[in-house]
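Student: structure, please.
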Amino acid sequence: MNRPRLLVVEDDQDISRMLCIYFEGQNFDVDTASRGTEALDKTRQKLPHLILLDIMLPDFDGYEVCRQLRTQTRTSHIPVIFLTQKDERSDKLQGLELGADDYITKPFDIEELRLRVLNAITRTERERLTDPHTNLPSGKLIEDKLRQIIHRSGWALIDLRLKEFEAYKEAYGFVASDNVLRYMALLLGEVVDEMGTREDFIGHTGNDHFIVITQEDKAGTISQRLSERFSEEILTHYSFIDRQRGYIKLSGNGGTSRSYPMMSLSFGIVSPSKYQFSDIREITEIAAGVRRSQVV
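Tutor: Residues are numbered from 1 along each chain as shown. Next comes the predicted model:
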């Protein structure tokens, strides 16, 4: 895994600072929030691998934060560990009933907390719930979402692929290509926030392949906006020389070289108003076929 992202939601600045310093020393990428509204905003902007959530917050309590996280499609999969001074059995049960993954009482053993955090993240990845590069839902979570919508109406699935991603990866290496995947996850979140709804679903099926499930009347505008922003912003991931000439060159055997265009997005949009689906596999197969048939 790359540096796991941790969101610490704690209004006690001393505890928040201590957790930030400690987990950054453990190779975590740590962000903090002191209020529930701030925590929800930051979670939607950049999905953390896990949230350490204090129950007592200035605006509304951690239970309400957890409830909103669990009821919103895009954040429902993120592991949550409650941090609290309360040690009542009823308080623990309330947190667990809301879908918290663990519960630790202050004052806590920092090493124990570290192990609980690592175990929760590892368990999520082992169950193939999220992609390790983007932390977007993958595998089982995508399949579960498709089963939820297949007999409904009004939705659309956008099948997205990063064209020429493999050539980019060959030229720039896995660190740069991982950065592109993380950029893509952020871009999808920002555009869906702008053009879609909070109930829209974003998934990473693997490597250069993503999906968005949104309302049918929003799929076209989301795709257009994604294409516009991607074509403008992806150039920052290339070297000055490649940006100037507009393509990359890869050396082959015998001193030969081959040119590849810059990365772009390809889309395939399907909806139940245009296609009939008998199982979830047909949704993804038809969407991929539509994407491949689009004129470049």
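Student: contacts for the longest helix belonging to the chain?
Tutor: Secondary structure of the chain read by DSSP state H shows that its longest helix is helix 174-195. Helix 174-195 has contacts (Cβ atoms under 8 Å, 6 or more residues apart in numbering) with 2, 44-47, 74, 133-136, 162, 165, 168-169, 200, 202, 204, 208, 210, 212, 214, 218, 221-222, 225-226, 229-230, 233-234, 237, 263. Just so you know, the C-beta spots here come from the backbone N, C-alpha and C atoms, and that holds for glycine as well.
Student: any idea of the mean pLDDT in stretch 46-60?
Tutor: Computed over stretch 46-60, the mean pLDDT rounds to 92.
Student: in that stretch, what's buried?
Tutor: 46-55, 57 (16 or more other Cβ atoms under 10 Å).
Student: what about these, which are in strands?
Tutor: Counting by DSSP state E, the buried residues of stretch 46-60 place 50-54 in strands.
Student: quick check, nearest of these to G154?
Tutor: Using Cβ to Cβ, I51 is the member of those that sits closest to G154, with 31.0 Å.
Student: circling back to that earlier point, now the two most distant members of the buried residues of stretch 46-60.
Tutor: Pairwise distances across the buried residues of stretch 46-60 (Cβ to Cβ) peak at 23.2 Å, for the pair K46 and I55.
Student: about what we covered before: next structured bit after the longest helix of the chain?
Tutor: Remark: after helix 174-195, the chain's next helix or strand is strand 201-206, criterion DSSP states H and E.
Student: that following strand: which residues count as buried?
Tutor: In strand 201-206, counting by 16+ other Cβ under 10 Å, buried: 201-205.
Student: name the nearest of those residues relative to V117.
Tutor: Closest approach between the buried residues of strand 201-206 and V117, by Cβ to Cβ: H204, at 22.1 Å.
Student: that closest one reaches P137, doesn't it?
Tutor: Yes. Taking Cβ atoms under 8 Å as the definition, H204 is a contact partner of P137 at 7.2 Å.
Student: list the contacts for S264?
Tutor: By Cβ under 8 Å, 6+ apart, the contact set of S264 is 162-164, 227, 230-231, 234.
Student: any of those buried? List them.
Tutor: The neighbour count (16+ other Cβ under 10 Å) marks 162-164, 227, 230, 234 as buried among the contacts of S264.
Student: farthest pair in those?
Tutor: Using Cβ to Cβ, the two most remote members of the buried ones among the contacts of S264 are E164 and S227, lying 14.6 Å apart.
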